[in-house]
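Q: Provided below are the primary sequence and the corresponding predicted coordinates.
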Amino acid sequence: MALEKDAGRFPLSAEKMPKHIAIIMDGNGRWAKKRGLPRKAGHKAGAETLEKIISAARELGLEHLTVYAFSTENWKRSQEEVDAIMNLLRQYLKNYFKKFIKDDVRMDVIGDIRRLDADIQKQIIEIEQLSMEKTGLFVHIALNYGGRDELRRAMTKIAQEAAEGRLLPEEMTEDCIAGYLDTAGTPDPELVIRTSGEERISNFLLWQSAYSEFYFCDTLWPDFTKTELEKAIFAYQNRERRFGGR
Ligand code: IPE
Ligand code: IPE
Ligand code: MG
């Protein structure tokens, strides 16, 4: 919350607004630990922050927001923590998203949802269908998502199509590959933000972030604010993107 003193300090250019921001929402556990609370309290606070940041993203006029909520590696955590995250997800899908749909927000999930409990899969499919026609912000939730697993699943499909004679090796363009990923149809994120001071990608959007700008901040995810988001966009707008050219 310390950053609220900075409110209004980051004037953003409308023309240079990114269309797609992706966020690695990290630091829930440390936030809870600092307060002597169980880790699940950190995840609850993190879910509340996500609600605020979705509203902020709408107000800022972003087209796509992708958030890393649960990785293919996060199953290694204690059963108690995994259960707590899954229960929060249930509540989230029930409450927040129904509310957001009213606000013209579209939602989908990237990642392999087949490993999630059947009731959660059902809720996800329902919300994806309910929000299909919405034209405002498109929120992509990464759940049981891993960039390598996404590529593996895409390659499995590609190999199948090739084996059945429906795809030729010379048709394998970059666009064709992108079309087999969970993010098919979504532009690559111009900006990837990671909170909590860690500076690594942790298997997030490996293909899609090839030319993204990265922004790291020390703020723990539950403390992240709209002002901090504006600060990240401001930093992005003041960078020179070259894409390998001169
Ligand atoms: C991010 O916070 C949420 C998930 C990975 C589900 P963490 O739980 O990783 O928080 P830290 O990194 O332990 O502080
Ligand atoms: C990345 O955070 C995954 C999510 C934010 C969902 P982690 O906390 O799991 O990543 P590492 O273990 O620090 O790389
Ligand atoms: Mg972490």
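A: Looks like it came in fine. Ligands and ions are numbered 1, 2, ... in the order given.

Q: Going by C-alpha atoms from here, please, whenever you check contacts or count neighbours.
A: OK.

Q: what separates the residue minimising distance to the centre of the chain from ligand 1, distance-wise?
A: Among the residues of the chain, Val67 comes closest to the average C-alpha position under CA atoms, centre = their mean, at 1.7 Å. Per CA to the nearest ligand atom, to the nearest Å, Val67 is found 10 Å from ligand 1.

Q: three-state assignment of that residue?
A: Following DSSP: H, G, I helix; E, B strand; the rest coil, Val67 is assigned to strand.

Q: Leu143 now?
A: Assigned with three-state DSSP, Leu143 falls in the strand class.

Q: what's around it, how many residues?
A: Using other CA atoms under 10 Å, Leu143 is surrounded by 21 other residues.

Q: isn't Thr183 right up against Ile110?
A: Yes - here Thr183 lies in contact with Ile110, judged by CA atoms under 8 Å, at a distance of 6.9 Å.

Q: helices or strands up against the helix or strand harbouring Gln121?
A: For Gln121, the element it lies in under DSSP states H and E is helix 118-130. In terms of contact count using 3 or more CA pairs under 8 Å, 6 or more residues apart in numbering; DSSP states H and E, helix 118-130 is assigned the packing partners helix 79-94, helix 96-102, strand 106-110.

Q: I figured Ile131 was touching Met107, is that so?
A: Careful, residue 131 is Ser; it's not Ile. Yes - with contact defined as CA under 8 Å, Ser131 counts as touching Met107 (6.3 Å).

Q: what bridges to the residue nearest to the centre of the chain?
A: Beta bridges link Val67 to Ile23, Ile141 when assigned by DSSP bridges.

Q: need the helix or strand of this structure with the lowest average pLDDT.
A: Using mean pLDDT, DSSP states H and E, the weakest-scoring helix or strand in the chain turns out to be helix 96-102, at a mean of 78.

Q: Could you name the helices and strands sitting against that one?
A: Secondary elements touching helix 96-102 (3+ CA pairs under 8 Å, 6+ apart): helix 118-130.

Q: got the angle for the helix it packs on vs strand 106-110?
A: Helix 118-130 and strand 106-110 are oriented at 140 degrees to each other (axes from the mean of the first three to the mean of the last three CA atoms, to 10 degrees).

Q: What separation do you get for the residue of the chain most remote from its centre and Ser13?
A: For the chain, the residue at maximal distance from the C-alpha centroid (CA atoms, centre = their mean) is Gly165, at 34.9 Å. As defined by CA to CA, to the nearest Å, Gly165 lies at a distance of 49 Å from Ser13.

Q: now do Tyr145
A: Note on Tyr145: its distance to Ser13, by CA to CA, is 32 Å.

Q: Over to Asp218?
A: Asp218 sits 25 Å away from Ser13, going by CA to CA.

Q: Likewise for Leu220?
A: Using CA to CA, Leu220 is found at 27 Å from Ser13.

Q: and what of Leu137?
A: Distance, Leu137 to Ser13, using CA to CA: 19 Å.

Q: and if you look at Gln91?
A: Distance from Gln91 to Ser13, counting by CA to CA: 36 Å.

Q: which residues touch the helix ranked longest in the chain?
A: Of all the elements of type helix in the chain, the one with the most residues (DSSP state H) is helix 39-59. Around helix 39-59, the neighbours that count as contacts under CA atoms under 8 Å, 6 or more residues apart in numbering are 25, 28-33, 65, 81, 84-85, 88, 92, 96, 136-137, 139, 221-226.

Q: for it, what is the average pLDDT?
A: For helix 39-59, mean pLDDT rounds to 97.

Q: I'd like to check the angle between it and helix 79-94, please.
A: Here the directions of helix 39-59 and helix 79-94 differ by 30 degrees (the same axes, to 10 degrees).

Q: Thanks a lot, see you next time.
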